[in-house]
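Participant: what's the 3D shape of this:
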Amino acid sequence: MLRRLSVTITAAIIWQFCSSLTLAETKNPTQADKFPPSPLELTIPDPLLPRKPDKQPLTVTEQQDLAVALDNLNQEAAAKQQAGDKVGAFDIWNRELRLRRYLGSVAEVQALSRVGAIAWNENNRPEIFYIMQRLQKIQTSSFQKQKKLAKTIPSTTVDVELWRSLAIAYTNLRSPKEAVAAYDQVLAAVRQNNDVAAVVETLKTMGELHMSWFDYTKAADTYEQLLNFAAKNGDRINQLAYLQQLAYIYEQGRQPQQSIKIRNQLIESYQSENNLIQIPELKLAIGSDYQALAKENPTLLPEAFKNYQEAYTTAWQQEQYVTAGEALQKLIALYRSQGQTEEALQTGQILVQTQEKAVNFYGMMKAYDQIGQIYLERKEPTLALAAFQKGLELAQQLKHDEAYFTEQIQKLSK
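Facilitator: Numbering: from 1, shown residues only. Alright, predicted model coming up:
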């Protein structure tokens with residue numbers, strides 16, 4: 001008994017000495033490839049291990065006891081961190097991580113994920129590097145096991161729980177490429193198992209991941225797959241949600257052609273439910289998409305006009321006067337760009353009425369300014385002067401842009 005106690009004490013002293021040495025070596029690394037050896041790969045004896053598990057695996061009871069001890073280490077490390085001892089905290093966490101591997105790959109990866117998130121928040125570059133190294137080693141080992149099993153049992157599927165844990169860990173370490181690769185493994189496995197719910201959930205997670213890293217191309221592909229699933233299953237609620245997400249993605253990714261297709265599908269969906277509130281905004285966006293495409297293909301310009309007009313009409317019918325005003329503004333700019341000043345003037349007069357309905361005096365003032373500018377283009381100074389005078393009246397009420405309108409009137413009066 002005395003001999004066994006002295007061995008345990010000796011092991012503890014060796015562990016503390018090696019941990020301190022590792023800690024001293026990892027301070028202030030300059031480059032990732034010059035980091036000291038990883039503290040997660042140390043093979044020193046630890047008093048929490050009854051023996052070397054590599055030679056004789058731990059029993060179920062021993063694993064349970066070790067899990068409790070490691071949970072205590074995690075709490076101890078968290079307490080040190082909260083007390084401001086970050087070095088001491090990661091020293092304990094590294095010990096915990098070294099021992100977690102004896103509870104299986106999933107348990108180890110989940111612990112690496114947890115500590116990795118803390119390391120990222122603390123901007124602890126060496127720790128992030130060590131954890132990434134360990135995750136990649138586990139990933140490589142998993143691939144090798146899968147290959148061996150596939151040779152003997154071709155229908156063998158991947159360890160979904162392990163790969164999902166790896167994906168979450170990589171996400172916590174802000175490594176989207178590795179996270180997506182891990183989720184690809186999960187997706188392949190759940191598809192092979194015909195687990196539709198898991199496929200949808202995995203695609204959702206991947207879509208959110210792509211979005212968080214502004215990878216709109218991959219995000220679009222993912223949400224298109226989700227949209228197809230929803231359409232096949234008659235899931236109208238999610239179908240609508242995916243269409244809305246795709247509309248946003250294609251807008252951010254500056255893909256007007258795809259954006260038009262998705263927004264038209266959204267309009268059809270809203271109309272089928274007699275929900276017309278969203279349609280004016282969608283028509284406005286479609287008009288902008290066609291206007292963008294018309295820069296390369298002028299034959300599409302009539303589609304821009306058409307959608308702006310429909311946006312105004314549907315907005316007016318629903319008393320959405322602000323949106324109606326936006327559509328008229330777009331039309332005026334488009335008419336002027338095409339030299340259609342008569343149409344622009346008529347639209348400007350309608351805009352004044354619309355802004356009045358919206359009780360938007362600032363909008364009315366700006367509308368009179370536009371009308372005045374159009375009359376100047378047509379070399380009709382008398383009518384321009386009348387428009388600027390009306391604009392000045394509103395400017396005086398708002399106490400805004402008075403000097404501008406006064407200057408315009410003075411120029412014309414001379």
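
Participant: burial measure for Glu41, as a count.
Facilitator: By the measure other C-beta atoms under 10 Å, the count of residues near Glu41 is 11. (Each C-beta comes from the backbone N, C-alpha and C, glycine too.)

Participant: Could you report the distance from it to Trp316?
Facilitator: Using C-beta to C-beta, to the nearest Å, Glu41 is found at 70 Å from Trp316.

Participant: can you map out the helices along the stretch 201-350 of the chain?
Facilitator: Applying DSSP state H, counting those that start in this stretch to the stretch 201-350 of the chain gives helices spanning 216-232, 236-252, 256-272, 279-294, 301-317, 321-337, 341-357.

Participant: Make CSV from these and add distance to Pro36, mean neighbour count and mean pLDDT to it.
Facilitator: Below are those laid out as CSV (distance: least, C-beta to C-beta, whole Å; neighbours: other C-beta atoms under 10 Å; pLDDT from 0 to 100):
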stretch, distance to Pro36, mean neighbour count, mean pLDDT
helix 216-232, 36, 18, 96
helix 236-252, 43, 19, 96
helix 256-272, 50, 18, 96
helix 279-294, 54, 21, 97
helix 301-317, 62, 20, 96
helix 321-337, 60, 21, 95
helix 341-357, 69, 19, 95
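
Participant: Off-centre distance for stretch 237-253?
Facilitator: Relative to its chain's centre, stretch 237-253 lies at 13 Å (C-alpha atoms, centre = their mean, to the nearest Å).

Participant: rewinding a little: and the helices of the stretch 201-350 of the chain: which comes nearest Trp93?
Facilitator: helix 216-232 (33.2 Å; C-beta to C-beta).

Participant: list the helices and strands that closest one packs on?
Facilitator: Under the contact criterion of 3 or more C-beta pairs under 8 Å, 6 or more residues apart in numbering; DSSP states H and E, helix 216-232 touches helix 196-212, helix 236-252.

Participant: Ok, which of the ones you listed comes nearest Lys55?
Facilitator: Here helix 196-212 is closest among the helices and strands packed on helix 216-232 (C-beta to C-beta), at 38.0 Å.

Participant: now the angle between helix 216-232 and that closest one, please.
Facilitator: Per axes from the mean of the first three to the mean of the last three C-alpha atoms, to 10 degrees, the angle that helix 196-212 makes with helix 216-232 is 150 degrees.

Participant: Which residues does helix 196-212 contact?
Facilitator: 160, 167, 171, 176, 179-180, 183, 186-187, 190-191, 216, 218-219, 222-223, 225-226, 229, 245, 249 (C-beta atoms under 8 Å, 6 or more residues apart in numbering).

Participant: Now do the buried residues in that helix.
Facilitator: Neighbour-count burial for helix 196-212, with 16 or more other C-beta atoms under 10 Å as criterion, is recorded at Ala198, Val199, Val200, Thr202, Leu203, Thr205, Met206, Gly207, Leu209, His210, Met211.

Participant: any chance of those residues in a markdown table, plus pLDDT and distance to Tyr290?
Facilitator: Shown next, in a markdown table, are the buried residues of helix 196-212 (pLDDT from 0 to 100; distance: C-beta to C-beta, whole Å):
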| residue | pLDDT | distance to Tyr290 |
| --- | --- | --- |
| Ala198 | 95 | 40 |
| Val199 | 95 | 36 |
| Val200 | 96 | 33 |
| Thr202 | 97 | 36 |
| Leu203 | 97 | 31 |
| Thr205 | 97 | 34 |
| Met206 | 97 | 31 |
| Gly207 | 97 | 27 |
| Leu209 | 96 | 32 |
| His210 | 96 | 27 |
| Met211 | 95 | 26 |
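
Participant: Just name the closest of those to Ala395, please.
Facilitator: Nearest to Ala395 among these is Met211, at 43.7 Å by C-beta to C-beta.

Participant: if we can go back for a sec, format the helices of the stretch 201-350 of the chain as a markdown table; extra columns: distance to Lys399.
Facilitator: Listed next are these as a markdown table, based on distance: least, C-beta to C-beta, whole Å:
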| stretch | distance to Lys399 |
| --- | --- |
| helix 216-232 | 44 |
| helix 236-252 | 37 |
| helix 256-272 | 40 |
| helix 279-294 | 31 |
| helix 301-317 | 30 |
| helix 321-337 | 22 |
| helix 341-357 | 18 |
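
Participant: Select, out of those, the one closest to Lys390.
Facilitator: Closest of the helices of the stretch 201-350 of the chain to Lys390 is helix 341-357, at 8.5 Å (criterion: C-beta to C-beta).

Participant: Contacts only, for Arg114.
Facilitator: Going by C-beta under 8 Å, 6+ apart, Arg114 touches Asn74, Asn172.

Participant: so how far is Tyr216 from it?
Facilitator: In terms of C-beta to C-beta, Arg114 sits 31 Å off from Tyr216.

Participant: swap in Ile409?
Facilitator: 49 Å.

Participant: got it, and Asn172?
Facilitator: Distance of Asn172 to Tyr216, given as C-beta to C-beta: 23 Å.

Participant: so which of the helices of the stretch 201-350 of the chain comes closest to Phe129?
Facilitator: Minimum separation from Phe129 across those (C-beta to C-beta) falls at helix 216-232, 26.3 Å.

Participant: between the closest one and helix 236-252, what angle do the directions make?
Facilitator: Going by the same axes, to 10 degrees, helix 216-232 makes 160 degrees with helix 236-252.

Participant: any residues touching helix 216-232, and which ones?
Facilitator: With contact meaning C-beta under 8 Å, 6+ apart, helix 216-232 is reached by 180, 196, 199-200, 203-204, 206-207, 210-211, 235-236, 238-239, 242-243, 245-246, 249-250, 252-253, 255, 258.
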